[in-house]
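Trainee: Here is a sequence with its predicted model. Questions after.
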Amino acid sequence: MTVASSGVPSDAAIRRATARVDVDGAELDLHYRVTGNGPPLFLLHPSPLDSGFLSPLMTRLADRVTVIAPDTPGFGDSDPLPGPVHDLAPCVRAMSALRDALGLDRVAVYGSATGAQIAVEWAKAEPRAVCGVMLDNAAAFDDADRERITAGYLPDVTASADGSHLARAWHAAHDATLFFPWQYPAAENRISPALGAPEAMHVTARGYLRAGPRYEAVYRAAFRNERVENLRPIAIPLVMLRWQGSILTRWTGRLDACDWGPNVTMAHCGPSSEERWASLDKHLGHILPERFVDAAELCLDTGRTRHVDASFGQICYRPGRKEPVTRLVIPPLGASTTTVEPILASGDALLDLPGHAGSALPDALGLVHCVEAVRRVTDALGAHHLEVAGVGASDGVARTAAVADPRLVHVSLDLPGYSGPPPDLAPETSGAHLFRGWHWLREQSLERDQVPPEPARLTRMLLDLIDAREAHTILAGVLRTGAGPMFRS
């Protein structure tokens, strides 16, 4: 992350923000990432991933455009759509609401896979607001292909007490690195000679599990939308990236045989990442608006989760649902505000420690960064007097922050943290790390004669624990060394 001399992240960094918008009569929090300075360009991610998947592309484009990459509804940190999903129109309305909240009258849109299909429908719904679209991994299925591909393609990730949903998500993520469709492990469906990295498998499985069973409706709607006839009404500039080696090559090739109008550009390129990005760079100018905006103007933070700058990046926090805020609570190491919030008072503010959930991980994480995080959030809350408490080992952070800041008074919480260090949670090809973490979390409750959290919440706790594994290990060691056994990890 780029840091300015003032110690605050520079505008070149990818920043997180949230916007509360109205979609079909319901208020939704939409999480998004933003960076750059130039014409506004929305990037829409594939399913079941989130905007973090597009971070490398955001960094590449930041010196040319202002990039806004939302977590589409129901994915990543964005709220799900309020009603049943039969097509992509509600997703389009959510993106339009975000555009409007950001004060952008005209934008360009890049979409990949599901994101491409949302872009298609957005281009038709708002041709005056969307000045051009670029489609990546867009295909043209006939009905027979679609039925065959989708049969068994979308795993059931309904959370179950025995953790079997973890196996279903992992099976799909694992085999998808070798085959498309992944559920047909045959030679003609082979897309790679070797298994992908376990980290890549984990990203996909994590996407399924974070979105939960409601992901399927949007994903299925995107498959239904992959039709040539849905592209023909688009009158604005349309660029279709056609790169060799795409898992959809058999179906994207059908787009080449179509007779397109002058607004359509078929952008062919080689299989390497550099060739693909070079083609994107070459054709990007076809779709961009003339207006320039700066990323700093687009960080609204009007949702439940807020963000504040620290010397090493951004810190995520939740300000509490009642004012004035009188207490700031730090979740246990390895947990996030979203998993702790349901068991606390509605007026409590919470923060995600560095390296946890959306909070940045410093290059050399130490207790000083945690204390800074508490101070920055206290500043953001405008508090002149605030109680601060930590759960489990995080109480060591709360005590130290209270000593360093006269506005803070340490108080104790009668809530246990995690007892003992978690098992090795580094992603493995077998997916065993998911089950080690799952059973370790269940045993935390069982050892205290408590009923384990319900499966959906336990799944979120598991993903938070795996996301924070590096920070958890470091901070547990720091607190154990510095404070003795009273700060158990």
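Mentor: Nice, I can see it.

Trainee: Alpha carbons only: can I get stretch 347-365 in CSV?
Mentor: Taking Å, rounded to 0.1, in the frame of the first residue of the first chain, the C-alpha atoms of stretch 347-365 are listed here in CSV:
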residue,chain,number,x,y,z
GLY,A,347,-25.0,0.9,21.2
ASP,A,348,-21.5,-0.6,21.2
ALA,A,349,-19.0,0.5,18.6
LEU,A,350,-16.7,-2.2,17.3
LEU,A,351,-13.5,-2.3,15.3
ASP,A,352,-11.7,-4.9,13.3
LEU,A,353,-8.1,-5.2,14.4
PRO,A,354,-5.4,-4.8,11.8
GLY,A,355,-5.3,-7.9,9.5
HIS,A,356,-8.8,-8.8,10.5
ALA,A,357,-11.8,-8.6,8.1
GLY,A,358,-11.5,-5.4,6.1
SER,A,359,-8.7,-3.8,8.2
ALA,A,360,-5.3,-3.6,6.6
LEU,A,361,-2.4,-5.8,7.6
PRO,A,362,0.8,-3.8,8.2
ASP,A,363,4.1,-5.1,6.9
ALA,A,364,5.4,-5.7,10.4
LEU,A,365,2.3,-6.0,12.6
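
Trainee: beta partners for the spatially closest residue to residue 185 that is not a sequence neighbour?
Mentor: Once flanking residues are discounted, residue 185 sits nearest to residue 179: 5.3 Å by Cβ to Cβ, 6 or more residues apart in numbering. (C-beta placed from N, C-alpha, C; glycine too.) Beta-bridge pairing of residue 179 under DSSP bridges involves residue 190.

Trainee: Surely residue 179 touches residue 193?
Mentor: No - with contact defined as Cβ atoms under 8 Å, residue 179 and residue 193 do not form a contacting pair (11.7 Å).

Trainee: which one of the two has more residues nearby?
Mentor: Counted by other Cβ atoms under 10 Å, residue 179 and residue 193 do not tie: residue 179 has more neighbours, with 18 against 6.

Trainee: Low-confidence regions, this protein specifically.
Mentor: The model of the chain has pLDDT under 70 over residues 1-12, 482-489.

Trainee: Now do the buried residues in the longest strand seen in it.
Mentor: Across the chain, the longest stretch assigned as strand under DSSP state E is strand 26-38. Neighbour counts using 16 or more other Cβ atoms under 10 Å place 28, 29, 30, 31, 32, 33, 34, 35, 36, 37, 38 of strand 26-38 among the buried residues.

Trainee: which residues touch stretch 400-408?
Mentor: Residues outside stretch 400-408 that contact it (Cβ atoms under 8 Å, 6 or more residues apart in numbering): 328, 367, 370-371, 374-375, 378, 383-388, 409-410.

Trainee: Of those, keep whichever come out buried.
Mentor: When neighbours are counted using 16+ other Cβ under 10 Å, these contain these buried positions: 328, 367, 370, 371, 374, 375, 378, 383, 386, 387, 388.

Trainee: Just those residues: which are in strands?
Mentor: Per DSSP E, the subset of those in strands is 328, 386, 387, 388.

Trainee: Does the last one touch residue 412 like I think?
Mentor: Looking back up the chat, that one is residue 388. No - look at residue 388 against residue 412 with Cβ under 8 Å: they stay out of range, at 10.7 Å.

Trainee: Can you check what angle separates the helix or strand just after the longest strand of the chain from strand 26-38?
Mentor: On the C-terminal side of strand 26-38, the closest following helix or strand by DSSP states H and E is strand 40-44. Relative orientation of strand 40-44 versus strand 26-38 (axes from the mean of the first three to the mean of the last three Cα atoms, to 10 degrees): 120 degrees.

Trainee: Give me the helices and strands touching strand 40-44, please.
Mentor: For strand 40-44, the elements it packs on are helix 55-61, strand 66-70, helix 89-101, strand 107-112, helix 114-125, judged by 3 or more Cβ pairs under 8 Å, 6 or more residues apart in numbering; DSSP states H and E.

Trainee: Let me have the ones you listed in a markdown table, adding mean neighbour count and distance to residue 225 as columns.
Mentor: Formatted as a markdown table, the helices and strands packed on strand 40-44 follow (neighbours: other Cβ atoms under 10 Å; distance: least, Cβ to Cβ, whole Å):
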| stretch | mean neighbour count | distance to residue 225 |
| --- | --- | --- |
| helix 55-61 | 17 | 22 |
| strand 66-70 | 28 | 18 |
| helix 89-101 | 21 | 10 |
| strand 107-112 | 27 | 11 |
| helix 114-125 | 25 | 4 |
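
Trainee: Regarding the residue in the chain sticking out farthest from the centre, what is its secondary structure?
Mentor: Each residue of the chain has a distance to the centre, and by Cα atoms, centre = their mean the biggest one is for residue 259: 37.4 Å. Following DSSP: H, G, I helix; E, B strand; the rest coil, residue 259 is assigned to coil.

Trainee: for it, what are its contacts?
Mentor: Not one residue lies near residue 259 by Cβ under 8 Å, 6+ apart.

Trainee: separation between it and residue 241?
Mentor: 19 Å (Cβ to Cβ, to the nearest Å).

Trainee: And for residue 454?
Mentor: From residue 454 to residue 241 the distance is 43 Å (Cβ to Cβ).

Trainee: between those two, who's got more neighbours?
Mentor: residue 241 (23 against 10).

Trainee: Test my guess that the more buried one contacts residue 281.
Mentor: No - contact criterion Cβ under 8 Å: residue 241 and residue 281 do not qualify, at 11.3 Å.

Trainee: Now residue 352: phi and psi?
Mentor: When read as degrees, to the nearest 10, the backbone of residue 352 gives phi -90, psi 120.

Trainee: Next, count neighbours for residue 353.
Mentor: Residue 353 is flanked by 30 other residues according to other Cβ under 10 Å.

Trainee: Run through the residues that contact it.
Mentor: Counting by Cβ under 8 Å, 6+ apart, residue 353 has contacts 330, 331, 333, 359, 370, 373, 394, 397, 468, 471, 475.

Trainee: make it 7 Å
Mentor: Residues near residue 353 by Cβ atoms under 7 Å, 6 or more residues apart in numbering: 330, 359, 370, 373, 394, 397, 471, 475.

Trainee: same question, residue 462
Mentor: When contacts are counted by Cβ under 7 Å, 6+ apart, residue 462 touches 434, 437, 438, 441.

Trainee: Those residues, buried ones only, as a ChimeraX selection?
Mentor: ChimeraX command restricting these to the buried ones, with burial defined by 16+ other Cβ under 10 Å:
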select :434,437,438,441
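
Trainee: Tabulate the contacts of residue 462 in TSV, adding columns for secondary structure and distance to residue 202.
Mentor: Below are these laid out as TSV (DSSP: H, G, I helix; E, B strand; the rest coil; distance: Cβ to Cβ, whole Å):
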residue	secondary structure	distance to residue 202
434	helix	8
437	helix	11
438	helix	14
441	helix	17
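
Trainee: number of nearby residues for the closest residue to residue 145 other than its chain neighbours?
Mentor: Distance criterion Cβ to Cβ, 6+ apart; nearest residue to residue 145, sequence neighbours excluded, is residue 251 at 6.7 Å. Neighbours of residue 251 under the rule other Cβ under 10 Å: 19.

Trainee: Wait, a strand at residue 420?
Mentor: No - Residue 420: not assigned to a strand; according to three-state DSSP it is coil.

Trainee: Can you give me the separation between it and residue 333?
Mentor: Taking Cβ to Cβ, one finds residue 420 at 11 Å from residue 333.

Trainee: Tell me which of the two has more neighbours.
Mentor: A count of neighbours by other Cβ under 10 Å puts residue 333 above the other of residue 420 and residue 333, at 31 against 12.
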